[in-house]
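Asker: below is the sequence, then the predicted model.
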Amino acid sequence: MSDCIFCKIVSGDIPSKKIYEDEQVIAFHDINPQAPVHILVVPKKHVSGVNELAAGDEALVGHVYGVIARLVRELGVAESGYRVVVNSGADGQQSVPHLHFHVLGGRLLSWPPG
Ligand code: DGP
């Protein structure tokens, strides 16, 4: 989508601190980190959010989690713990309408979330 900020990061039109990329996903550091480790794992294909996932996207979501499992080891939080968050819609405070998976770690994360 031409006006989507994460599509522009995927295309390279907007720079990012990229830590991983393959044919299906890109991962980069969040511009406004909420924890010592805060990355976003983003499908390259434009899907607005969880509600817009279609039949056939299961493999993509599974691949995202495989990438997360790899990156948390590389980032050193696999053993200490981390959180994967997908904010959805207005109440979920999703601000970028392109599906993305926050991975937060490197500190004790409070629960329940605010
Ligand atoms: P959410 O509120 O769940 O939609 O999260 C969107 C996240 O995206 C938020 O934590 C800030 C991050 N973000 C927004 N714009 C940019 C950007 O241009 N670059 C990077 N690296 N992160 C961004």
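Answerer: Perfect, thanks for sending it. Numbers count the residues shown, from 1 in each chain.
Asker: switch to C-alpha atoms for all contacts and neighbour counts from now on
Answerer: Will do.
Asker: so what's the residue count around the residue nearest to Val41 when sequence neighbours are not counted?
Answerer: Nearest residue to Val41 in three dimensions, chain neighbours excluded: Ala27, at 4.3 Å (CA to CA, 6 or more residues apart in numbering). For Ala27, the count of nearby residues is 28 (other CA atoms under 10 Å).
Asker: now do the helix or strand containing His63: distance to the chain's middle.
Answerer: Counting by DSSP states H and E, the element that carries His63 is helix 58-74. Put simply, helix 58-74 sits 10 Å off its chain's centre (CA atoms, centre = their mean, to the nearest Å).
Asker: helices and strands around that helix, which ones?
Answerer: Packing partners of helix 58-74 (3 or more CA pairs under 8 Å, 6 or more residues apart in numbering; DSSP states H and E): strand 37-43.
Asker: anything in the strand it packs on near the ligand?
Answerer: No - judged by CA under 6 Å from any ligand atom, strand 37-43 makes no contact with the ligand; its nearest approach is 7.3 Å.
Asker: could you list the paired strands of that strand along with their orientation?
Answerer: Using DSSP bridges, strand 37-43 pairs in its sheet with strand 25-29 (antiparallel), strand 101-105 (antiparallel).
Asker: that'll do, ta.
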